[in-house]
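Next input, structure requested:
(one chain, ligands or ions: 1)
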Amino acid sequence: MKRRDFVKLSALGSAAVLAKSCSTSSDKKQVSILETSKKIKVVSTWISGIDANKEAIRILSSNGSAITAVEKGLNVIESDPNNTSVGLGGMPDASGVVTLDASIMDDQYNCGSVTYLQNIEHPISVARKVMEETPHVMLSGKGAYDFAIEQGFTHKNLLTESSLQKWQEWKKDNSFNLPHINHENHDTIAMIAMDANGKMAAGCTTSGWAFKKHGRVGDSPIIGAGIYVDPEIGGACATGLGESIIKICGSHAVVEFMRSGLTPEEACREAVERIKKTTENYDDLQVGFLAMNITGEVGIHSMYSGFECALQDENRSELIKSGYEFEWE
Ligand code: ASP
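Have a look, this model is predicted:
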């Protein structure tokens, strides 16, 4: 199917048909229980989310859990050598090394993450192992790699010929400018899923900002920044300039805005507003938030145009354009 077949120009219009909003927290619980069996749903950042969602929905349709749907859905993109922001084929850092960040969280506050992980194709699966097989939340660098090998993951060179060439091109430019974070060079994938029991999970996996300083870690593996899930409220995830997202604990902020009564879309917008308020110069600073509440209502918002999310349930797959504050020039 062509990209334009998916595109829905109005984020508001699309989000509005997804589910009804609710007013009090006890209402929310009730609605969640009433709607659980018919509401499997998955939503992911960017156009690459379409393929990830297909796998996630396949799992949810056969009664799989939200956490497995998130892991296996994200695995699809981690293995895609043409996605230059995730897993295999991800852009290296300034020193030419591919370092990966990922995190996963269910709706019982169980979570796991890996940062600065090298030579492992599926960081999201390692993050899940951290969550399930260790008493820790986060493993980093060599420790994360050793743990992955111990758990049966295999060593793999993730730097493709094409990513290597792009890095070599970039190195020729003495200014060493970092590329803008937009949909062309940043397809970090984050996903929120709801299973047939109404349980939610979220995950995020990335090679981070292309040509970042060696050792840099973004928001994606930080619980509360890159992703967050609250059993009474819903989940949120983020993409874009990780440094700005970390500073406001972005995904946690979105969930808390929903707790205060905002719809997912309003909550995402409020988080973007907070970044505007707390950042002196937000020229070219792209951030995007995506949220789903426990009734299954979805919303997105970004600082600049160009952000989008892929939404799939049992009946449809669509790409939803985000509302935004500014047009890219
Ligand atoms: N948030 C990611 C990071 O800063 C990048 C992205 O989402 O595009 O590493």
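
Who are the contact partners of the residue nearest to the spatial centre of the chain?
Compute the mean C-alpha point of the chain, and by C-alpha atoms, centre = their mean the closest residue is residue 190, 1.5 Å away. Residues in contact with residue 190 (C-beta atoms under 8 Å, 6 or more residues apart in numbering) are 44-45, 202-205, 220, 226-227, 237-239, 290. (C-beta placed from N, C-alpha, C; glycine too.)

Among those, which one has the most neighbours?
Highest neighbour count within those: residue 203, with 38 neighbours (other C-beta atoms under 10 Å).

A strand includes that residue, no?
Yes - secondary structure of residue 203 (DSSP: H, G, I helix; E, B strand; the rest coil): part of a strand.

and it, what does it touch?
When contacts are counted by C-beta under 8 Å, 6+ apart, residue 203 touches 70-71, 74, 102-105, 124, 127, 190-191, 227, 237.

and the stretch 201-329 of the chain, which of its residues are near the ligand?
Taking C-beta under 6 Å from any ligand atom, the part of the stretch 201-329 of the chain that reaches the ligand is made up of 206, 208, 209, 218, 219, 220, 239, 240, 241, 242.

excluding its backbone neighbours, what's nearest the second one?
Distances taken as C-beta to C-beta, 6 or more residues apart in numbering put residue 218 closest to residue 208, at 4.7 Å, once the chain neighbours are dropped.

What pLDDT does the model give the one you found?
Model confidence at residue 218, given as pLDDT, is 96.

got it, and the one 3 residues further on?
The predicted local distance difference test score for residue 221 is 98.

hang on, it packs against residue 99?
No - using C-beta atoms under 8 Å, residue 221 is not in contact with residue 99, being 10.8 Å away.

And the two? Which one has more around it.
For the pair residue 221 and residue 99, the greater number of neighbours falls to residue 221 (32 against 24), based on other C-beta under 10 Å.

Just to be sure, the more buried one is in a strand?
No - checked against three-state DSSP, residue 221 lies outside a strand; its state is coil.

In strands only, show me the residues of the stretch 201-329 of the chain next to the ligand.
Within these, residues falling in strands by DSSP state E are 206, 239, 240.
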